[in-house]
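[1] Here's my sequence, what's the structure:
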Amino acid sequence: MSAPELLGGRYEVRGVLGRGGMAEVRDGWDTRLARPVAIKILYPGYTAQPDNRRRFEAEAQAAAGLNNTHIVAVHDSGEHEGTPFIVMERLAGESLHDKIAQGPLPQAMVRSVLDDVLAALASAHEAGILHRDIKPANILFTSSGEAKVSDFGIAKSGPGNFTATGQVFGTMGYLSPDRVLGKAATAADDLYAVGVVGYEALTGRRAFPQDNLAAVAQAILHDQLPSIVVLRPDVDPGLAAIVERAMARDPALRFQSAHEMRAALAGYPVPVVSPSGTRVLTAPVPPMPIAPVPAWQRPSKRNKMVLLAAIAAALLLALVLIVFDSPQTTAPPVPVTTSTPVVPPPTTMPAPPPTTAADMPSPATQPPGHKPGKPGKPGKPHGGEGD
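    Residues are numbered from 1 along each chain as shown. Sure, this is the predicted structure:
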């Protein structure tokens with residue numbers, strides 16, 4: 001059994017990982033460094049067209065020149081028997097497309113994915129590179145769950161407008177209204193696509209399922225887009241507002257940079273367009289604001305007045321009860337120090353009790369010379385006529 005053919009004499013090609021419009025991605029092995037890689041190979045039918053070859057080579061140069069942890073790294077590029085290829089880092093996780101196929105994603109995960117993608121785009125835009133094909137299939141995950149942007153196959157670099165007017169590149173359903181109309185591409189188009197990705201991740205459905213350019217244009221221009229909170233009422237209104245603002249039909253209402261959209265996700269104030277046409281700062285978007293009270297649950301103005309009057313009457317009644325129920329302030333009673341009960345003096349003098357023999361004083365206790373009287377008669381006082 002002969003050894004498998006190696007691309008560039010180094011890379012072993014294995015199974016298919018994915019297919020795109022111009023190329024397919026194969027699982028590979030770097031025999032020199034003994035590590036897994038992903039190899040992107042241009043379809044044979046496109047190799048004869050100079051524009052396709054230049055675009056493919058530009059992808060390798062663009063991605064290789066970007067040093068960001070949220071961009072799939074390009075290790076090498078070359079040509080094998082007239083077919084160009086690009087060697088990239090091999091990620092163990094799924095793509096965002098695979099995860100959305102299982103249903104709407106948790107809001108915290110959507111925030112994290114959008115932030116990672118915006119970090120990658122901020123780095124690319126600062127280097128003068130547009131991606132132009134942001135979509136769930138081009139957002140891959142590492143084994144730790146971080147998102148990375150791949151496939152700069154139709155990226156363009158250069159100052160100012162990156163694409164000539166009238167040229168449309170990208171995937172239908174993720175193109176901004178400006179790109180659908182054939183206007184020159186700008187960094188704002190990538191941010192619009194990020195909004196569409198966020199919409200799809202939150203709702204589990206594509207915002208514009210049509211694959212026909214004319215159908216997509218009609219849907220965008222006629223605002224045929226259901227609100228996120230209508231499709232999924234549990235979604236944080238702040239997060240829904242950020243995604244829908246990124247997808248605004250009017251370019252002036254969208255985010256103007258990846259940094260600006262990341263700031264909104266983090267809850268920092270970001271500028272919006274005022275009625276006068278100037279950009280002013282708005283209040284920060286909280287990560288999890290309190291959901292508004294439905295209109296049918298809000299009290300009417302008349303009910304509010306009745307409620308306030310009832311509260312005032314209850315407070316007044318409570319105040320009156322407190323005043324009349326409070327104890328009277330009196331002098332404290334004098335403490336009694338004797339052990340015998342204190343009997344208050346009678347109002348009338350009681351009659352003296354009858355005299356008995358026991359009550360009479362004994363002779364021994366009488367003074368000298370004293371003669372007791374006969375019973376029933378009082379004795380003479382001492383010093384009277386008997387002396």
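
[2] After whichever strand or helix holds residue 118, which helix or strand is next?
    Per DSSP states H and E: residue 118 is located in helix 107-126. Downstream of helix 107-126, the next assigned helix or strand under DSSP H and E is strand 129-130.

[3] circling back: for the helix holding residue 118, which positions count as buried?
    107, 110-125 (16 or more other CB atoms under 10 Å). Placement of C-beta: from N, CA and C, glycine included.

[4] Assumed residue 241 was part of a helix.
    Yes. Looking at residue 241 with DSSP: H, G, I helix; E, B strand; the rest coil, it is inside a helix.

[5] neighbours around it, how many?
    With neighbours defined by other CB atoms under 10 Å, the count for residue 241 comes to 16.

[6] I'd like to know how far it sits from residue 112.
    The gap separating residue 241 from residue 112 is 18 Å, by CB to CB, to the nearest Å.

[7] just residue 189 next, same as before
    From residue 189 to residue 112 the distance is 23 Å (CB to CB).

[8] Check residue 92 too.
    Separation of residue 92 from residue 112 (CB to CB): 18 Å.

[9] do the same with residue 68
    Residue 68 is 16 Å from residue 112, by CB to CB.

[10] Next one, pLDDT for residue 19 please.
    Residue 19 carries a pLDDT value of 82.

[11] Can you show me the strands along the chain?
    With DSSP state E as the criterion, the chain has strands at 6-7, 11-19, 23-30, 35-42, 74-80, 83-89, 129-130, 139-141, 147-149, 156-157, 271-273, 279-281.

[12] Which one, of those, ends up nearest to residue 198?
    Closest approach to residue 198 among the strands of the chain (CB to CB): strand 139-141, 11.0 Å.

[13] And the closest one, what does it pack against?
    With contacts taken as 3 or more CB pairs under 8 Å, 6 or more residues apart in numbering; DSSP states H and E, strand 139-141 sits against helix 96-100, strand 147-149.

[14] Which neighbouring elements make contact with the shortest one?
    Strand 147-149 sits against helix 107-126, strand 139-141, with contacts defined as 3+ CB pairs under 8 Å, 6+ apart.

[15] Name the residues that touch the shortest one?
    Judged by CB atoms under 8 Å, 6 or more residues apart in numbering, the contacts made with strand 139-141 from elsewhere in the structure are 72, 91, 93-97, 99, 113, 117, 147-150, 197.

[16] Counting neighbours, which of those residues end up buried?
    Among the contacts of strand 139-141, those scoring as buried are 72, 91, 93, 95-97, 99, 113, 117, 147-150, 197 (criterion: 16+ other CB under 10 Å).

[17] Domain boundaries for the protein, per the record?
    Per automatic domain parsing, the domain ranges recorded for the chain read 1-90, 91-266.

[18] Can I get those in JSON lines including distance to residue 305?
    Below are the domains of the chain laid out as JSON lines (distance: least, CB to CB, whole Å):
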{"stretch": "domain 1-90", "distance to residue 305": "56"}
{"stretch": "domain 91-266", "distance to residue 305": "30"}
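
[19] Point out the most buried one among those domains.
    Counting by mean count of other CB atoms under 10 Å, domain 91-266 has the highest mean neighbour count of those, with a mean of 18.

[20] Straight-line length of it, end to end?
    Domain 91-266 has its terminal residues 27 Å apart, counting by CA to CA, to the nearest Å.

[21] need the contact list for residue 42.
    Contacts of residue 42 (CB under 8 Å, 6+ apart): 22, 23, 52, 53, 56, 83, 84, 85.

[22] Output those residues in CSV, with pLDDT appended to each entry.
    Formatted as CSV, these follow (pLDDT from 0 to 100):
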residue, pLDDT
22, 80
23, 85
52, 76
53, 81
56, 80
83, 88
84, 89
85, 92
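
[23] of the buried ones among the contacts of strand 139-141, closest to residue 308?
    residue 113 (47.8 Å).

[24] Cool, thanks, signing off.
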